[in-house]
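> Sequence and predicted model, in that order:
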Amino acid sequence: MNKKLQQRFSELEAQLDEIEKTKKSVNGVYGDTETIDYDLFTGWKVKVKNLLATACGENSQHFVAFERGEKRGTMESNYSIKKRLGAIFLAAKEDFDGGYLASLKYLVQAEVFDSELEQAKELLSSGYKLASAVICGVVLETALRDLCDSNAIPHGKLDTMNAQLAKAGVYNRLQQKRITAIADIRNSAAHGRPEEFIDLDVENMIRDVESFLLSYLA
């Protein structure tokens, strides 16, 4: 799951080295200062922020520190900012390589999923099968989006993401068919068609989504 992200960390580390090679001294109003290729540096920052948001979330310490590190201090050169952001990025890469970033993100997400699926179960037991199926479908779609992020696959409709993930080998065709069946129930519920499925279908739907999360997002 994390191979694409690991590759991206390595690519951006190599780009950081290339930016370092552009360093040169220039004579300014306040004396000599070190500068770097601004366009390369700007592009690198955008790509790193996207990677950190995907790998560990926008509320993570690494992402927050990177955003703060972008702010220019008084009389500060681009090279000074590059050194600071480079250190933050390399710390994030070290944590990712050690298995800490993605695992933390998915741990938090798992807690959210557990809570939502518990809500779906309670709604079903109270006779609200439509609402239960819709919530379960939202959990599944969110999980597919996370898998797409981890495998550099663009977001899209549920059936499109399902097909792309299966095509990429993230899971097999049998799992793809199970997801399609779950999506059919979700769609019937979302369009207010309770006659198209029974309580047992929703019960199986919740079970299958739980199994999917354990298999592919644990």
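Ah, there it is.
> what's the host helix or strand of F96 packed up against?
Assessed by DSSP states H and E, F96 sits inside helix 78-97. Where contact means 3 or more CB pairs under 8 Å, 6 or more residues apart in numbering; DSSP states H and E, helix 78-97 is packed against helix 3-21, strand 31-35, helix 38-56, helix 61-69, helix 101-125. All C-beta spots, glycine's among them, are computed from the backbone N, C-alpha and C.
> ok, then the element right after the helix or strand bottoming out on mean pLDDT in the chain?
Lowest by mean pLDDT, DSSP states H and E among the helices and strands of the chain is helix 101-125, with a mean of 70. For helix 101-125, the succeeding helix or strand toward the C-terminus, using DSSP H and E, is helix 129-150.
> and that next one, what does it pack onto?
By 3+ CB pairs under 8 Å, 6+ apart, helix 129-150 packs against helix 101-125, helix 158-167, helix 173-190, helix 199-216.
> Return the set of buried residues in that helix.
129-137, 139-141, 143-144, 146-150 (16 or more other CB atoms under 10 Å).
> what's the answer for stretch 208-218, then?
Residues 208-210, 212-213, 216-217 are the ones in stretch 208-218 that count as buried (16+ other CB under 10 Å).
> Please apply the same query to stretch 194-208.
Quick answer for stretch 194-208 (16+ other CB under 10 Å): 197, 201-206, 208.
> So, low pLDDT: which residues of the protein?
Residues of the chain meeting the criterion pLDDT under 70: 1-2, 28-31, 100-113, 218.
> middle-most residue in it, spatially?
T54 (3.5 Å; CA atoms, centre = their mean).
> can you tell me which residues contact that residue?
Each residue near T54 by CB atoms under 8 Å, 6 or more residues apart in numbering is listed here: 5, 149-150.
> contacting residues around the closest residue to G137 other than its chain neighbours?
Residue nearest to G137 in three dimensions, not counting chain neighbours: R186, with 2.9 Å by CB to CB, 6 or more residues apart in numbering. Each residue near R186 by CB under 8 Å, 6+ apart is listed here: 133-134, 136-137, 140, 158, 205.
> Could you rerun that using 10 Å?
133-141, 158, 197, 202, 205, 209 (CB atoms under 10 Å, 6 or more residues apart in numbering).
> again with A92
Here A92 is in contact with 9, 12, 48, 51-52, 55-56, 60-63, 65-66, 100-101 (CB under 10 Å, 6+ apart).
> Kindly provide the distance from it to Y216.
Separation of A92 from Y216 (CB to CB, to the nearest Å): 24 Å.
> Please apply the same query to R72.
The gap separating R72 from Y216 is 42 Å, by CB to CB.
> Could you do E76 as well?
44 Å.
> Over to L85?
33 Å.
> try E67
Counting by CB to CB - E67 and Y216 are separated by 30 Å.
> How about D199?
Distance, D199 to Y216, using CB to CB: 26 Å.
> thinking P154 is in contact with Q164, fair?
Yes - if you go by CB atoms under 10 Å, P154 and Q164 touch, sitting 7.9 Å apart.
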